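Asker: Structure for the following, please:
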Amino acid sequence: MANRIFIFARSLPFHHIGGMEVVAWDLAQALAKAGYEVKVITTEFSADVKIIDQTNPAIHVIRNTVPGKYSNSWWVGTRDFIDHEIDENVSALISVSAAGFNAVHVRDKYPQVTCIMQAHGTSWGEFISKWKKPTIKKCLSSLANVKGYIKDAFFYNKFDFIVAIGPAVESSLKSAPTSLICNSHKVVKIENGINESMFLYDESKRKIERRSLGIDDDALVCISVSRLHNQKGVDNNIYSFKKLLDLYSNSYYIVCGEGNDEEALKKLVKDLSIESKVIFVGGVSREKISSLMSCADIFIFLTKRVEGLPLNVLEAMSSGISMVISDHLTFEQSEKVVLVNSHDIKLASSSIYDLFVNKNCRDRSSYIEDKNTLQSSVLKYNALFKSKMIK
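Answerer: Residues are numbered from 1 along each chain as shown. Sure thing, here's the model as predicted:
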């Protein structure tokens, strides 16, 4: 029985920590544990990255590629790889976003291979997001989304299934104009799944991290985890935190992540005279993020962007932390989840304070739904593989 799986991903957590990277690697590890022989095909790593030898899942690097980015070498290399490695023992090919576009032609010669594209968004969705609050830079970069739409039109229907990683992505795939280039019958929703146990609240880690950061037990600690990019709304988080200090002066804000806007955000913090209250920790490991989640009281994510199904929110839910997040995200308001307009600074700050003083929200039990666990995701992918075999 065919049990080999190839996963094409331009970047992994070894390149940089991001939702798409984490989902790809976690899925690869989970499929390997489920009994498949998994190989992940990716781009070159930076010279300073040390990768432990992996046997299952194995990592295959396409040479002469740009770390974490598409290039001509990537497109040529992935086609050469699949042409030489494909055989009757391969059961599935998974393309993380567009990474496997040049490998999907294997269906012609090996129809038993289940070809899946894992969609984290759509070119049209990105285009619309950039034009909601246009800048010259956003408008120029949106031209790449137009090019992406044209490329998607050529490749989407070559796959057996298009997996939408969340309801927002599913809706975008099934709505015009993307529905014109994507057969809606091929769209399957398998929501992002995370390893819940990795992020469970740990009281001992809370004490260790607070002691390390010089934060006392009574302090209100906010945390965000995202790329430091304008669309992620970290500036909104900072403005909200500044206003929160008027309500509860013994507060701190831990900023996890790295990106192009890091220096601009640090300057904003300095201009607001809250440098002693905001802690930039950079791009840290998921284990460290887990510890910092335990250290914190409130998770904030005032993203301006149309998100698929943000992994950072799911990780926070696993940690049992209360949160204030943008109201355009596809989550339900609850006792622990407050939805606000990403630009409503006053409401965001008061919501953070209200959650903190609400003793019912001190319970740090995980409240992630079963459909968002890694185990559930793997079962659904396995069902896709088998449905192709039955056909």
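Asker: Would you agree Arg286 is in contact with Ser197?
Answerer: No - look at Arg286 against Ser197 with CB atoms under 8 Å: they stay out of range, at 12.0 Å. The way it works is simple: take the backbone N, C-alpha and C, and place the C-beta from them, glycine included.
Asker: Look at these two and report which has more neighbours.
Answerer: Each of Arg286 and Ser197 has its neighbours counted (other CB atoms under 10 Å); Arg286 has more, 19 against 11.
Asker: Contacts only, for that one.
Answerer: 13, 17, 22, 198, 315 (CB atoms under 8 Å, 6 or more residues apart in numbering).
Asker: what about it, distance to Phe14?
Answerer: Using CB to CB, to the nearest Å, we find Arg286 at a distance of 12 Å from Phe14.
Asker: burial of the nearest residue to Ser334 once chain neighbours are set aside, as a residue count?
Answerer: Nearest in space to Ser334, with sequence neighbours left out and distances taken as CB to CB, 6 or more residues apart in numbering, is Tyr367 at 7.9 Å. Counted with other CB under 10 Å, residues neighbouring Tyr367 total 17.
Asker: wouldn't Tyr367 be in contact with Gly320 here?
Answerer: Yes - if you go by CB under 8 Å, Tyr367 and Gly320 touch, sitting 6.5 Å apart.
Asker: joint contacts of these two?
Answerer: Going by CB under 8 Å, 6+ apart, residues that sit against Tyr367 and also against Gly320 are Lys336.
Asker: longest single helix anywhere in the protein?
Answerer: helix 136-155 (DSSP state H).
Asker: quick one, strands of the stretch 201-350 of the chain?
Answerer: 220-225, 251-256, 278-282, 298-301, 322-326, 337-340 (DSSP state E, counting those that start in this stretch).
Asker: With mean neighbour count, distance to Asp235 and mean pLDDT added, can I get the ones you listed in JSON lines?
Answerer: Below are the strands of the stretch 201-350 of the chain laid out as JSON lines (neighbours: other CB atoms under 10 Å; distance: least, CB to CB, whole Å; pLDDT from 0 to 100):
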{"stretch": "strand 220-225", "mean neighbour count": "26", "distance to Asp235": "11", "mean pLDDT": "98"}
{"stretch": "strand 251-256", "mean neighbour count": "24", "distance to Asp235": "11", "mean pLDDT": "98"}
{"stretch": "strand 278-282", "mean neighbour count": "17", "distance to Asp235": "12", "mean pLDDT": "98"}
{"stretch": "strand 298-301", "mean neighbour count": "26", "distance to Asp235": "12", "mean pLDDT": "98"}
{"stretch": "strand 322-326", "mean neighbour count": "26", "distance to Asp235": "13", "mean pLDDT": "98"}
{"stretch": "strand 337-340", "mean neighbour count": "20", "distance to Asp235": "15", "mean pLDDT": "98"}
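Asker: among those strands, which is nearest Trp131?
Answerer: strand 322-326 (17.8 Å; CB to CB).
Asker: how about the helices of the stretch 201-350 of the chain, start to end?
Answerer: Remark: helices assigned in the stretch 201-350 of the chain by DSSP state H, counting those that start in this stretch are 203-213, 234-247, 262-271, 286-295, 311-319, 345-357.
Asker: which one of those has the most crowded surroundings?
Answerer: helix 311-319 (a mean of 26; mean count of other CB atoms under 10 Å).
Asker: Average pLDDT for it, rounded please.
Answerer: Helix 311-319 shows a mean pLDDT of 96.
Asker: how long is stretch 227-240 from one end to the other?
Answerer: 18 Å (CA to CA, to the nearest Å).
Asker: Domain boundaries for this structure, per the record?
Answerer: 4-193+373-388, 196-369 (the TED database).
Asker: how far is the last one from where the chain is centred?
Answerer: On the basis of CA atoms, centre = their mean, to the nearest Å, domain 196-369 is displaced by 16 Å from the centre of the chain it belongs to.
Asker: Check the first one too.
Answerer: Here domain 4-193+373-388 is found 13 Å from its chain centre; the criterion is CA atoms, centre = their mean.
Asker: can you give me the mean pLDDT across it?
Answerer: pLDDT averaged over domain 4-193+373-388 gives 93.
Asker: thinking again about what came up before, among the strands of the stretch 201-350 of the chain, which comes closest to Glu44?
Answerer: It is, among these and with distance given as CB to CB, strand 278-282, at 22.4 Å.
Asker: Just checking: what are the partner strands of that closest one?
Answerer: Strand 278-282 pairs in its sheet with strand 251-256 (parallel), by DSSP bridges.
Asker: Can you name the residues in contact with the partner strand?
Answerer: 213, 215, 219-226, 228, 234, 237-238, 241, 244-245, 265, 277-284, 289, 292, 295-296.
Asker: Restricting to C-alpha, output that strand in CSV.
Answerer: Below are the C-alpha coordinates for strand 251-256, written out as CSV (Å, rounded to 0.1, in the frame of the first residue of the first chain):
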residue,chain,number,x,y,z
SER,A,251,0.7,46.7,33.5
TYR,A,252,3.2,45.3,31.0
TYR,A,253,3.0,44.3,27.4
ILE,A,254,5.1,41.5,25.9
VAL,A,255,5.6,41.7,22.1
CYS,A,256,6.6,38.4,20.5
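Asker: Also compute the angle for it relative to helix 345-357, please.
Answerer: 100 degrees (axes from the mean of the first three to the mean of the last three CA atoms, to 10 degrees).
Asker: packing partners for the helix or strand harbouring Glu21?
Answerer: Taking DSSP states H and E as the definition, Glu21 sits inside helix 19-33. Judged by 3 or more CB pairs under 8 Å, 6 or more residues apart in numbering; DSSP states H and E, helix 19-33 is in contact with strand 4-8, strand 37-42, strand 90-96, helix 311-319, helix 374-390.
Asker: In a markdown table, list these along with distance to Gly193.
Answerer: As requested, these are exported to a markdown table (distance: least, CB to CB, whole Å):
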| stretch | distance to Gly193 |
| --- | --- |
| strand 4-8 | 15 |
| strand 37-42 | 16 |
| strand 90-96 | 14 |
| helix 311-319 | 8 |
| helix 374-390 | 3 |
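Asker: which residues touch stretch 173-182?
Answerer: Residues contacting stretch 173-182 (CB under 8 Å, 6+ apart): 119, 122-125, 149, 152-153, 156-157, 162, 164, 172, 184, 187.
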